[in-house]
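> Mind looking at a prediction? Sequence and model below.
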Amino acid sequence: GESVGLHLPTLSVQEGDNSIINCAYSNSASDYFIWYKQESGKGPQFIIDIRSNMDKRQGQRVTVLLNKTVKHLSLQIAATQPGDSAVYFCAENSGGSNYKLTFGKGTLLTVNP
Amino acid sequence: NAGVTQTPKFRVLKTGQSMTLLCAQDMNHEYMYWYRQDPGMGLRLIHYSVGEGTTAKGEVPDGYNVSRLKKQNFLLGLESAAPSQTSVYFCASSQLALGETQYFGPGTRLLVL
């Protein structure tokens, strides 16, 4: 899985399988988290977000889980499709006086037909 | 509703040349950002603006200047381009605070020779 500040990991899945992409964050004061999808040659695209007062949020085919105890965030994609192939990265609101988003480096998801 | 647009899409510069990257958003967002994205690294914030007429430095501001003369536009200038500024530049905007969801443009690929 991904961690803000580490190398770009990869995940390869078969079409139709479920995908789980992980992200570890370091700032316990972060209270808002976002998942972005970035296709090759394009800008990051918002997928789903979650606030720290929640531990799960669902969208269309995507679910984000937040475990504040271990500072871990995950993105689950159901019935993965070839169009889901992209780099996925998380962002956290770092809170405090430096109130801005901090982005992870991402995980490359490849969906095999 | 075009969202966030960037011009140009691609540019080649020689060392020492100057150029301006233009970002425009039609969502009436107060906050705008300029990032650079390099291989193996996450998005790094160059400069940002919390409203028309305001700008502030991000993580990597050296060698860049910005202006926000109109709410919908955010310009990024390189006064004397260096090879280290070869990168993909993304503009983003957000409606709420600095730590809220940001919407990205398609990017500008810059090559400095």
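Arrived safely.
> now the strands for chain A?
Listed in chain order, the strands of chain A (DSSP state E) span A:2-3, A:10-14, A:19-24, A:32-38, A:45-51, A:56-58, A:62-67, A:72-77, A:86-93, A:101-103, A:107-112.
> Identify whichever of those strands lies nearest to chain B.
strand A:86-93 (3.4 Å; CB to the nearest CB). Any C-beta I mention is one placed from the backbone N, CA and C, and that applies to glycine too.
> Nearest residue to the middle of chain B?
B:W34 (2.8 Å; CA atoms, centre = their mean).
> Check the offset of the helix or strand containing that residue from the chain's centre.
Applying DSSP states H and E as the criterion places B:W34 in strand B:31-37. Centroid separation for strand B:31-37 versus its chain: 4 Å, with CA atoms, centre = their mean, to the nearest Å.
> Could you tell me which other helices and strands it packs against?
Under the contact definition 3 or more CB pairs under 8 Å, 6 or more residues apart in numbering or on different chains; DSSP states H and E, strand B:31-37 sits against strand B:19-25, strand B:44-49, strand B:73-78, strand B:87-94.
> any chance of those in JSON lines, plus mean neighbour count, mean pLDDT and distance to A:R57?
Output for the helices and strands packed on strand B:31-37, formatted as JSON lines (neighbours: other CB atoms under 10 Å in any protein chain shown; pLDDT from 0 to 100; distance: least, CB to CB, whole Å):
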{"stretch": "strand B:19-25", "mean neighbour count": "19", "mean pLDDT": "98", "distance to A:R57": "26"}
{"stretch": "strand B:44-49", "mean neighbour count": "21", "mean pLDDT": "93", "distance to A:R57": "26"}
{"stretch": "strand B:73-78", "mean neighbour count": "20", "mean pLDDT": "98", "distance to A:R57": "30"}
{"stretch": "strand B:87-94", "mean neighbour count": "23", "mean pLDDT": "96", "distance to A:R57": "19"}
